[in-house]
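Student: The following block contains a protein sequence and its predicted model.
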Amino acid sequence: MAMFRQCPDSGLFFHKSAESLMKAHAVLGVVYLLIGGVLGLLVALTRMPSLHVLNAEDFYLALSIHGTAILIFWIIFFEMAVLYFAASTLLRCRPATPGIGWIGFLLMVIGSTLVMVAFFRGNSSVMFTSYVPMPAEPIFYLGLILFAVGALIGCFIFLGTLVIAKKENTYDGSIPLVTFGALTATVIAIFTIASGAVILIPTLLWSLGFINHIDPLMYRTIWWALGHSSQQINVSAHVAIWYAIAAIIFGAKPMSEKVSRTAFLLYILFLQLASAHHILADPGVSSTWKVFNTSYAMYLAVLASMIHGLTVPGCIEIAQRKKGFNNGLFEWLQKAPWANPVFSGMFISLIIFGFIGGITGVVMGTEQINLIIHNTIFVPGHFHATVAVGTTLAFMAITYFLIPVLFRRQLIWPNACKWQPYIFGGGMLILSLLLLGAGTLGVPRRHWDINFSDAALQFQYAGTAITMMGIAGLGGLMAAVGGAMFCLIAVGSLVFGKRLDPGASLFSSFGFPMAASCYNIERPGKLELAPIEQTGDSGVQAKGTFVLALVFLASFVVYFFINAKYLSSIWPMG
Amino acid sequence: MQRNDNQSATQGDEPIPPMQQLLDNPFMLVFIGVLFPTVFYILWGIMEIISIPAVK
Amino acid sequence: MSILPPSQKIWWKEPIHGIEITWIIIALIWCLVLFAWMPYWHIYGKQNLSNESYKTPPEVFEAKANAMAKAHTVRTEPKSNIPVVKPPAGSDVYMLGRLWQWWPILELEKNKTYRLHLSSLDWQHGFSLQPTNINLQILPGYETVVTITPDQSGEFAIVCNEYCGVGHHTMLGKIFVK
């Protein structure tokens, strides 16, 4: 039976059932982005000292939902869509067991719904981290477990699809680099989900009264193998998307397969050790464990990120120079399609992830420097640069590509599309920088009132810190406008966008109303090796990218030693 | 995508280097990717926690 | 193209770009510097987190804190009714976190060293000493011992920076350094 269609614009092949699964996961992801985004705006406006819109109870509720909906549900739903795309579409292969894929999807929907119900009932405002012994309702833990099982099924289907593609010989040579990046994300996801099960199942039993005690330090250590590694899935997935967008927009090929894939291997081996970043200020775990794990075994995963940071813009530069944008150091970048949100979103994601998210992450993950940063609002400053800009904006960018290609709809409001990455990225940049600043001045995260108006004792933060929190709120507002634009464009295009194929509709891949004529290919031609291009030293060099990389390194070194100097000024302790 | 036909012919008989074999093997990657953090982060971490002495 | 299989079947032997290899070497050196900095700071730096900690049941810790307060209370802070304790320099000092206060208030001498014991009686708390900005995670059942030497005089606040329920933002403590 013919189950494939070829997208006439991109040349990509979509299998009917993989396509339906991609659509379902991506749409659910955007639903959680919307929920998490609205509550994120309320959080940002409450932490503006001059506005302070929510009361304390609602604030902690909103913050719990914001964190969980974005850091778990939006990201992982979208990542599942990326996995189906990277395995089935890129390898021109039928997905393994699509029926079980739908069971996985259903478990994720039920699980995430249970967690939301637990939140809105009001007795589970335990934040994303749900540290014991602060209790949440049993359905909160149950929901997370079901969601994780669903995601695990998605991971196994990804691996199964790789096996089928190999067996049915749908491609020649090795899997594409983007699929390899998705494989990296899958490996990390399997570790993440297994760790989640190890700690959340006993916690569920504890909340039901079958177990008396969950050790808080044990909980924190294993929970962060879930909480932090889940964000490392994002890193691998969005780096894969950077490579994909470089290939889609510029036809860029990796500078060298060997270097980029080895960098992903370093992620597979070491990235997950960084869960230790959260345990640095904890009692009892030795400095040896902390130093080894927090440094991803001698910063080898940081090395990997620095490699991707060079090779992604580097491969774009080489592709652009071959097209003739060869003047000076930066003509290739100047002449890039800055009005195309697929490119601008991806490039802003790359720059802010590296310069802000990457540098601050390593600095605060240094064992001793963590003493001046642990649990301050510096931490949210860091992860808004990594997850909100790095991951979310990369996912938004690829969505602008997927709406015409996957959903066969034209994007509505081209002008809004053009500006959206700048508004969202700009707002998040302001938010991140000011939270980093306020955190450096000691402002705590997850705190309703840094003026302590109801407290028996009093303390006054520096005026600068209060001002910074105010401006951060404005950044949050701007980012929320950008996020709302994205949701409106995405949903609006699915509903009102011009149909690119006759008869194509949102549900056509699901079978009603059936646009069977679209799916007229029984078996796509074998995916052949990429065409040979000149590589290596004899080819075009990426000098501009190298200069950017050196600027990055200089910022990194300076910022690290500024913080080391700051550390040396606090009370001596040992 | 067009491809030069002799490109694979010229290296057809060469054995695939061990590192490439590893990177082409998803299940090996899953194995080491779960093994490393489980040993270094989780098991070592749990041992640290268990060996914290009780207060006198 | 990154979305196609590599152009060579054996891509492991492809040459690497000159700037890639240069960058990898530079980045690796920086990574090793970052790594070496942590042991370096353990030896030459003055701000390190001690590895001394114990499994301490909350009631045991509370009894020790009460005993210290009973022996060394100098006055009571009027508004909050929390005792202000002035332990001798060099001694073991206890401070406990509970919903939603840090207890007791301490009065320390500048440039004297104390063994500060920290634990929680109920949920997790965050010990955030401001404005000097020292931040530690405090867990129920575990006791952290940090040797501190206040080198500034004045009034310092301990903000709770681990979310601990709806009164979290009212949880403040004090250390006076004279």
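Tutor: Now that the structure is in, tell me what you want to look at.
Student: From residue C:128, how far off is the spatially most central residue of chain C?
Tutor: For chain C, the residue nearest the mean C-alpha position is residue C:136 (2.2 Å; C-alpha atoms, centre = their mean). Note on residue C:136: its distance to residue C:128, by C-beta to C-beta, to the nearest Å, is 8 Å. For every residue, glycine as well, the C-beta is placed using N, CA and C.
Student: ok, back up a step: so which helix or strand takes in the nearest residue to the residue nearest to the centre of chain C once chain neighbours are set aside?
Tutor: In space, not counting the residues next to it along the chain, residue C:136 is nearest to residue C:127; the distance is 4.4 Å by C-beta to C-beta, 6 or more residues apart in numbering or on different chains. Under DSSP states H and E, the secondary-structure element containing residue C:127 is strand C:125-130.
Student: residues making contact with that strand?
Tutor: The list of residues contacting strand C:125-130 from outside it, by C-beta atoms under 8 Å, 6 or more residues apart in numbering or on different chains, reads A:374-376, A:442, A:444, A:459, A:461, A:571, C:95, C:97, C:102, C:118, C:134-138, C:156-162, C:164, C:171, C:175.
Student: so, in contact with chain C or not, the helix or strand harbouring residue A:34?
Tutor: When elements are defined using DSSP H and E, residue A:34 is found to belong to helix A:16-47. No - with C-beta under 8 Å from any C-beta of the partner chain as the criterion, chain C is not reached by helix A:16-47; the gap is at least 11.2 Å.
Student: buried set for the longest helix belonging to chain B?
Tutor: Across chain B, the longest stretch assigned as helix under DSSP state H is helix B:26-37. Across helix B:26-37, burial judged by 16 or more other C-beta atoms under 10 Å in any protein chain shown covers B:26, B:29-30, B:33-34, B:36-37.
Student: Please identify the one among those residues that lies nearest to residue A:26.
Tutor: residue B:26 (23.7 Å; C-beta to C-beta).
Student: Report the contact partners of residue A:35.
Tutor: Contacts were defined as C-beta under 8 Å, 6+ apart; by that measure residue A:35 touches A:65, A:69, A:116.
Student: Please read the previous query as pertaining to residue A:282.
Tutor: With contacts defined as C-beta under 8 Å, 6+ apart, the neighbours of residue A:282 are A:217, A:220, C:137, C:139.
Student: How about residues contacting stretch A:89-101?
Tutor: With C-beta under 8 Å, 6+ apart as the contact definition, stretch A:89-101 has outside contacts at A:3-4, A:12-15, A:17-18, A:20-22, A:84, A:87-88, A:153-154, A:157, A:160-165, A:168, A:170-171, A:175-176, A:178-179, A:524-527, C:3.
Student: Equivalent analysis for stretch A:116-125, please.
Tutor: Stretch A:116-125 is contacted by residues A:35, A:57, A:60-61, A:63-65, A:68-69, A:136-137, A:139-140, A:143, C:166 when judged by C-beta under 8 Å, 6+ apart.
Student: So which of those wins on neighbours?
Tutor: The member of the contacts of stretch A:116-125 surrounded by the most neighbours (other C-beta atoms under 10 Å in any protein chain shown) is residue A:68, with 30 neighbours in all.
Student: Show me where the chain has its strands.
Tutor: I'll assume chain A. Listed from the start of the chain, chain A has strands (DSSP state E) covering A:4-6, A:13-15.
Student: Oops, wrong one, chain C.
Tutor: In chain C, the strands defined using DSSP E lie at C:53-55, C:73-77, C:82-85, C:92-98, C:101-103, C:105-108, C:114-120, C:125-130, C:134-138, C:142-148, C:154-160, C:172-177.
Student: so which of those strands gets nearest residue A:274?
Tutor: Across these, residue A:274 has its closest neighbour in strand C:134-138 (17.0 Å, C-beta to C-beta).
Student: could you give the mean pLDDT of the top helix by length along chain C?
Tutor: In chain C, assigned by DSSP H, the helix with the most residues is helix C:18-44. In this model, helix C:18-44 has an average pLDDT of 97.
Student: For that helix, buried residues please.
Tutor: When neighbours are counted by 16+ other C-beta under 10 Å, the buried residues of helix C:18-44 are found to be C:19-20, C:23-24, C:26-28, C:30-31, C:34-35, C:37-38, C:41.
Student: now swap in stretch C:161-178 and tell me
Tutor: For stretch C:161-178, by 16+ other C-beta under 10 Å, it's C:161-166, C:168-177.
Student: Do you have the helices of the stretch 51-200 of chain A handy? List them.
Tutor: All helices of the stretch 51-200 of chain A, identified by DSSP state H, counting those that start in this stretch, fall at A:56-68, A:75-84, A:98-120, A:138-167, A:177-207.
Student: Would you tell me which of those helices gets closest to residue C:146?
Tutor: Ranking the helices of the stretch 51-200 of chain A by distance to residue C:146, with C-beta to C-beta as the measure, places helix A:177-207 first at 27.6 Å.
Student: ok so, going back, distance to chain A added to the buried residues of helix C:18-44, as CSV?
Tutor: Below are the buried residues of helix C:18-44 laid out as CSV (distance: C-beta to the nearest C-beta, whole Å):
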residue, distance to chain A
C:19, 5
C:20, 5
C:23, 5
C:24, 6
C:26, 7
C:27, 4
C:28, 6
C:30, 6
C:31, 4
C:34, 5
C:35, 5
C:37, 7
C:38, 5
C:41, 5
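Student: Pick out the most distant pair among the residues you listed.
Tutor: Comparing all pairs in the buried residues of helix C:18-44 by C-beta to C-beta, the longest separation belongs to C:19 and C:41, at 32.8 Å.
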